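# Provided below for reference: sequence and predicted model.
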Amino acid sequence: MQDLAFVIAGWGVIIGGLAAYAVLLLKRLSLARRVSIGIRQQAESAPPPDRPA
Amino acid sequence: MTRILGLVALIAVVAASANALFVVPADVNQGDAQRIMYVHVPSAWLAYLSFGVTALAGIGYLWRRDLRFDAIAVAGAEIGVMFTAFAIWGGMMWGRPVWGVFWQWEDPRLTTTALLLALYLGYLLFRRLTDDPHRRAARAAVVGLIAAVDIPIVHFSVEWWRGLHQTPTIGSPDKVLNPSAPGLFVIALVSMVAAFTLAWAWLMMRRYQLARIEWQIEEHGRLGRITAARRAAMAALPPADGAKEGA
Amino acid sequence: MNALRADVAVAWQIARKDALAELRGRQAAGSTIFFAGLVLLLFGFALGPDSRRLTEAAPGLLWLAIVFGSLLTVARLHQLEADDGALEELARYPIERHAIFLGKALSGFAAVLVLGGLLLPLVAILYGIDLAAAWPALLATLVLGAIGISAVGTFYAGVTVRMRAREVMLPLLMLPIIAPLLLAAVKATSAALLGDPLGDLGAWLQLLTAFDIVMLAAGAVTYGYLLEE
């Protein structure tokens, strides 16, 4: 039954890693979206004084 | 839309995994260790698929100069490196109980996948060192292409390499595909591959979205720095008449 | 046909220029050869003193030393232009980009060939191998291996020439790609030295040739995109 340890290690890391990456990805995405919205609001409220190129 | 895909993928992975772990009987020869194949094989498949996507996306960028292709490329690389690591890990976890060793030089799939990992990591590291998005995309595309071209050569050469050394002590690596219950095995394996592929597709979409937003933020950062620099330069100038616009 | 002749002329000019620069800057080239020789010596300390083991390992150690030395060589050949901004100058001339690549690959090939040629007698002395009987096969392997190393090395040197951390990026990118060449070259060398007992020398040389063709083609096609920045 020593094999069980390897099965658990194999499955655990892979499925767990998949889940962890997915969660992390969603977090990165929501963070990026917030930053992006923030930028857009900033641009709309305060147009730059010098003319754009 | 992506959310539905995500949900479907999640259900599929859970269902297929439950089947592979608890429903399908253990292999008569390899025991429960054979179950590792149900995560190892899909991971390996997705590792190579992602690589192909990255390479093709690179070609797409060079052809059209559209940074959306580059977003696909980086998504494929990041997700691909993850699945490659999984594939190697799974291969090692399977190898120890079945072969007796964690690593074996004669298995062309294992060694080729290890090289794939090295190529991926090199690609990702390389991307980090260039700031200009278009330059980065072009260089990455070219690097990715050469790497993609190399992979079949590697596989082929390791296969030949192995052919010369038939050591009887370590069992033939092909045993993995000769399970004791082929029918159930195939169904379980195919369903895991399908489930993982759905998950991969969802991850790719989300990572692609992230890449595009990150590029926009990056662009804004660059424009902000350029604007700030120009303002500083103009403030430093003596008051000019009929100020001309600089580049 | 004229386009082909023009390309060849360009490649030859570039290769000549590089070769002259190498000859003039003898120190750098000499240091590289010295470095590769040191690597071979250190392998002796690492794997010895059992000379039978060293003799068995000799083909592998030879090619590792060649590869490591080549890392320095290809980087240097590209640095010549980069420091003066000459690469951009070259790119502005109305010549084919692949001709530039092939020219630089040619000079790289010559440098690697010289390196390998100088290391062979050193390996013979340090690890006790008899080169005489096998020298045609050894030469063929050296030539084919040098072409492949130069093609890949020239390409990645071009990729990394203006990057941060290029000293580590060049080997990092190049070494995984060169793995099959290393494998085949070592096998071919080993077969040649043993008198080809398994009859597979031809197969390995074919693999080397295929690798060379693929990498030269891929490099030539994509090098242009690197100069376009």
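Thanks, I have the structure now. Residues are numbered from 1 along each chain as shown, chains lettered A, B, ... in the order given.
# can the longest helix belonging to chain C be said to contact chain B?
When chain C is scanned for its longest helix (criterion: DSSP state H), the result is helix C:51-84. No. Using CB under 8 Å from any CB of the partner chain, we find that helix C:51-84 stays clear of chain B, coming within 12.4 Å at best. All C-beta spots, glycine's among them, are computed from the backbone N, C-alpha and C.
# equivalent analysis for stretch C:176-187, please.
Yes. Stretch C:176-187 lies within reach of chain B by CB under 8 Å from any CB, at C:Pro176, C:Ile177, C:Ala179, C:Pro180, C:Leu183, C:Ala184, C:Lys187.
# okay, and the residue nearest the centre of chain B sits in which element?
Ranked by distance to the mean C-alpha position of chain B (CA atoms, centre = their mean), the top residue is B:Gly80 at 0.7 Å. B:Gly80 is part of helix B:67-99 when elements are defined by DSSP states H and E.
# for that helix, which helices and strands make contact with it?
helix A:3-45, helix B:37-64, helix B:108-128, helix B:133-163, helix B:182-236 (3 or more CB pairs under 8 Å, 6 or more residues apart in numbering or on different chains; DSSP states H and E).
# in a markdown table, list those helices along with mean neighbour count.
Below are the helices and strands packed on helix B:67-99 laid out as a markdown table (neighbours: other CB atoms under 10 Å in any protein chain shown):
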| stretch | mean neighbour count |
| --- | --- |
| helix A:3-45 | 15 |
| helix B:37-64 | 22 |
| helix B:108-128 | 20 |
| helix B:133-163 | 20 |
| helix B:182-236 | 16 |
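# how about the ones you listed in CSV, adding mean pLDDT and distance to chain C?
Listed next are the helices and strands packed on helix B:67-99 as CSV, based on pLDDT from 0 to 100; distance: least, CB to the nearest CB, whole Å:
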stretch, mean pLDDT, distance to chain C
helix A:3-45, 89, 23
helix B:37-64, 94, 6
helix B:108-128, 91, 4
helix B:133-163, 88, 4
helix B:182-236, 88, 16
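# C:Phe101: which of those is closest?
The minimum distance between C:Phe101 and the helices and strands packed on helix B:67-99 falls on helix B:133-163, with 11.7 Å, by CB to CB.
# tilt between the closest one and helix B:182-236?
Here helix B:133-163 runs at an angle of 150 degrees relative to helix B:182-236 (axes from the mean of the first three to the mean of the last three CA atoms, to 10 degrees).
# thinking again about what came up before, next one: the residue nearest to the centre of chain B from C:Leu122, what distance?
Remark: distance between B:Gly80 and C:Leu122 (CB to CB, to the nearest Å) = 42 Å.
# residue in chain B with the shortest distance to chain A?
Ranked by CB to the nearest CB, the top residue of chain B for proximity to chain A is B:Met93, at 3.5 Å.
# my read: that residue touches A:Ala9, true?
Yes. With contact defined as CB atoms under 8 Å, B:Met93 reaches A:Ala9; the gap is 5.4 Å.
# and chain B, which residues reach chain A?
B:13, B:17, B:21, B:31-33, B:35-36, B:39-40, B:43, B:79, B:82, B:85-86, B:89-90, B:93-94, B:96-97, B:199, B:203, B:206-207, B:209-210, B:213-214, B:216-217, B:220, B:227, B:230-231, B:234, B:245, B:247.
# ok so, going back, which residues does the residue nearest to the residue of chain B closest to chain A when sequence neighbours are not counted contact?
Nearest non-adjacent residue to B:Met93, counting by CB to CB, 6 or more residues apart in numbering or on different chains: A:Gly10, 3.5 Å away. By CB atoms under 8 Å, 6 or more residues apart in numbering or on different chains, A:Gly10 lies in contact with B:Ile36, B:Val39, B:His40, B:Trp89, B:Gly90, B:Met93, B:Trp94.
# tell me what the longest helix of chain C is packed against?
Contacts defined by 3+ CB pairs under 8 Å, 6+ apart place helix C:51-84 against helix C:2-24, helix C:26-47, helix C:86-92, helix C:97-127, helix C:135-160, helix C:166-194.
# got the angle for it vs helix C:97-127?
Using the same axes, to 10 degrees, one finds that helix C:51-84 and helix C:97-127 are set 150 degrees apart in direction.
# would you mark the buried spots in helix C:51-84?
By neighbour count on 16 or more other CB atoms under 10 Å in any protein chain shown, the buried set for helix C:51-84 is C:54-55, C:57-78, C:80-82.
# run the angle between the strand or helix carrying C:Thr209 and helix C:97-127 for me.
For C:Thr209, the host element (DSSP H and E) is helix C:201-227. Interaxial angle of helix C:201-227 relative to helix C:97-127 (the same axes, to 10 degrees): 140 degrees.
# pLDDT score assigned to B:Ser180?
Here, the pLDDT recorded for B:Ser180 equals 58.
# for B:Pro133, what are its contacts?
Contacts of B:Pro133 (CB under 8 Å, 6+ apart): B:Leu67, B:Asp70, B:Trp215, B:Glu218, B:Glu219.
# same thing but at 7 Å, please
Residues near B:Pro133 by CB atoms under 7 Å, 6 or more residues apart in numbering or on different chains: B:Leu67, B:Trp215, B:Glu218.
# now the last one. Nearest residue, chain neighbours left out?
Just to be clear, that refers to B:Glu218. Distances taken as CB to CB, 6+ apart place B:Pro133 nearest to B:Glu218, at 6.6 Å, with adjacent residues excluded.
# same check, this time on B:Ala33
B:Pro97 (4.0 Å).
# who's in contact with the one you found?
Counting by CB under 7 Å, 6+ apart, B:Pro97 has contacts A:Asp3, A:Phe6, B:Ala33.
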